[in-house]
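>>> Build the 3D model from these lines:
(one chain, ligands or ions: 1)
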Amino acid sequence: MKSITDNLCKVRQQIELFAQEAQRDPAGITLLAVSKTRPADELRRAYEAGQRDFGENYLQESLEKIEQLSDLAICWHFIGPIQSNKTRSVAESFSWVHSVDRLKVARRLSEQRPVNLPPLNICLQVNISREDSKSGCLPEEVADIASEIASLPNITLRGLMAIPAASNDPTEQQQAFAGLATLFTGLLEDHPQLDTLSMGMSGDMAQAIAAGSTIVRIGTAIFGPRDYSNKTV
Ligand SMILES: *Cc1c(COP(=O)(O)O)cnc(C)c1O
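As a prediction, this is how the structure comes out:
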């Protein structure tokens, strides 16, 4: 059980190393601990080791953990697919949503964000590898959707997110990340306030950081392999 602390320490060291190799300031890279399927006590242990940002994919599961860990100052990020009829509890319970991929969902999150909370931080998810099975808008839709989202009240567009196609070829992953970074740079012309590129997971953190990632979403390297055997999604 000491291993979560050790793993976190290792991941932080890797982020520093990859940042140095890319001649970037490691302070510009946020470690998001992806805690889907992990029990609340494991998150608590990570919190005790200094982790503050946690990412969750499954709404029901995450709401239970948010309740169980309400004594902690956790910044909660929603990173899973969002059904448009489930936006209300996302708008009420999270600080960030990385997985917005259509205007309808952004509009509902904006309408349903409680006014006593700060604006909800949004990343637009891009299907950068053009996979049929994947969520995310297409690269050519990014500019229009981003402009519409940026004009909505109660939410703040922060940047882009992508999950590139699984690949064992580092060059392919690099190209996918570079593609997202290029889209991001293009968006900055009209939206200079954007500051977030959410990309990189346990298996491809080095390439993501080299390509300019500002939030890496790391699950397995912190908590170990996931067990989905008793998971009802
Ligand atoms: C599960 C998940 C991750 C973490 O993946 P690991 O390979 O376990 O680091 C990152 N991002 C998203 C969107 C995920 O669903």
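
>>> Check what pLDDT Ser213 gets.
With respect to pLDDT, Ser213 has a value of 98.

>>> Tell me which helix or strand it sits in.
Ser213 is part of no helix or strand when elements are defined by DSSP states H and E.

>>> which ones are touching it?
Ile29, Phe177, Leu197, Ser198, Met199, Gly200, Met205 (C-beta atoms under 8 Å, 6 or more residues apart in numbering). (C-beta placed from N, C-alpha, C; glycine too.)

>>> Mind doing that once more with 7 Å?
Ile29, Leu197, Met199, Gly200 (C-beta atoms under 7 Å, 6 or more residues apart in numbering).

>>> is the ligand contacted by stretch 112-132?
No - counting by C-beta under 6 Å from any ligand atom, no contacts exist between stretch 112-132 and the ligand, the nearest distance being 8.5 Å.

>>> Check the separation of the first and last residues in that stretch.
End-to-end distance for stretch 112-132, by C-alpha to C-alpha, to the nearest Å: 30 Å.

>>> in that stretch, what's buried?
Neighbour counts over stretch 112-132 (16 or more other C-beta atoms under 10 Å) mark Gln112, Arg113, Leu120, Asn121, Ile122, Cys123, Leu124, Gln125, Val126, Asn127, Ile128, Ser129 as buried.

>>> Could you confirm the fifth one falls within a strand?
Yes - looking at Ile122 with DSSP: H, G, I helix; E, B strand; the rest coil, it is inside a strand.

>>> Kindly provide the distance from it to Asp195.
The gap separating Ile122 from Asp195 is 12 Å, by C-beta to C-beta, to the nearest Å.
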